[in-house]
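Asks: sequence and predicted structure, then a few things I'm wondering about:
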Amino acid sequence: MPGPKDVELQRAIGILAVIVGILMLIYPLLVGYLAGIFLIVYGVVKIFT
């Protein structure tokens with residue numbers, strides 16, 4: 001069963017994904033840039049958890 005920290009982390013990732021999705025719809029040229037940042041952040045989070 002996930003602890004409170006895991007739930008908070010999942011919620012934060014979900015909110016971040018929604019924001020990135022909206023930005024991608026508004027600024028299609030940022031898709032690659034934002035995807036790269038998202039993958040880096042996701043990778044770092046996975047390494048340290």
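Replies: Sure, I can see it. Here the structure is a predicted model, which means the values were calculated and not measured.
Asks: quick check: next helix or strand after the helix or strand where Val7 lies?
Replies: Secondary structure assignment for Val7, by DSSP states H and E: helix 4-26. Moving toward the C-terminus from helix 4-26, the first helix or strand encountered (DSSP H and E) is helix 31-47.
Asks: okay, angle between that next one and helix 4-26 too, please.
Replies: Interaxial angle, helix 31-47 versus helix 4-26 (axes from the mean of the first three to the mean of the last three CA atoms, to 10 degrees): 170 degrees.
Asks: elements contacting helix 31-47?
Replies: Packed against helix 31-47, as judged by 3 or more CB pairs under 8 Å, 6 or more residues apart in numbering; DSSP states H and E, are the following elements: helix 4-26. No exception for glycine: its C-beta is placed from N, CA and C like everyone else's.
Asks: pLDDT averaged over the helix it packs on, what's the number?
Replies: For helix 4-26, mean pLDDT is 82.
Asks: quick check: Val45 vs Pro28, distance?
Replies: According to CB to CB, to the nearest Å, Val45 and Pro28 sit 26 Å apart.
Asks: of these two, who's got more company?
Replies: Val45 (12 against 9; other CB atoms under 10 Å).
Asks: done for today, thanks.
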